[in-house]
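J.: Quick one: sequence plus predicted model below, questions after.
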Amino acid sequence: MIPTPCPRSSSRTALLDAALQMITESSVNGMTLEGVAARAGVTKGGLIYHFKTKEALLHAVVDRMTDQVDEYCADDQQTDPALALENFLMARIDYAFAIGAQQKALMANLLAAATTFPSLLAPVKRMYERGSGDLAQVAGSAGLALSIWAALDGMVMLEMLNIRQFSETERTQMREAMTSMVRRQFAEAAAK
């Protein structure tokens, strides 16, 4: 059966969705271009139109993921750098604690793929560079902000790699501690 043609933008979205599902379920090695095309209901030629290689598809997947994190944590309405940083950190905390098991499996499989495709780390590095640049704008808070960000990523990494699964009680305690540190830091900074 020949898949029904889709408009280009929805074909691209369907291909990315299919790739994300396949990577989550069976790793990057288990993801084939043919399998992605079939799952998305797109011809292989339709896939090649959007993504010439498996690596190009993987880059698009990672770009989509980093864009989602950026969108979740963005506060384009806030003009005060200190409030923008506080909002960014609170959003990062929310995001880190909201990452589910499927998202962690996807991230772990993509991280493993970075040994074969090291260029997959470039969008992630850019995301961190953007965030670090934002942190540097707020004097006196960058150290705490970097510490919270590193702690969140460490927690996610431990769970993602199945090194340590935190209980709900531990997760609640960590979240409350980080939230409290951020609020206290910015309340003190505003009082000065």
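T.: Perfect, I can see it now.
J.: When you work out contacts or count neighbours from here on, use the C-alpha atoms and nothing else.
T.: Fine.
J.: Now do the SS call for the residue lying closest to residue 160 once chain neighbours are set aside.
T.: Spatial nearest neighbour of residue 160, excluding adjacent residues (C-alpha to C-alpha, 6 or more residues apart in numbering): residue 104 at 4.9 Å. Three-state assignment for residue 104 (DSSP: H, G, I helix; E, B strand; the rest coil): helix.
J.: From residue 37, how far off is residue 104?
T.: 24 Å (C-alpha to C-alpha, to the nearest Å).
J.: Look at those two and report which has more neighbours.
T.: Taking other C-alpha atoms under 10 Å, residue 104 and residue 37 do not tie; residue 37 has more neighbours (23 against 18).
J.: Contacts only, for the more buried one.
T.: Each residue near residue 37 by C-alpha atoms under 8 Å, 6 or more residues apart in numbering is listed here: 15, 18, 43, 44, 46, 47.
J.: Out of these, grab the one that's most surrounded.
T.: residue 15 (26 neighbours).
J.: Excluding covalently adjacent residues, which one is nearest to it?
T.: That would be residue 40: by C-alpha to C-alpha, 6+ apart, it lies 5.3 Å from residue 15.
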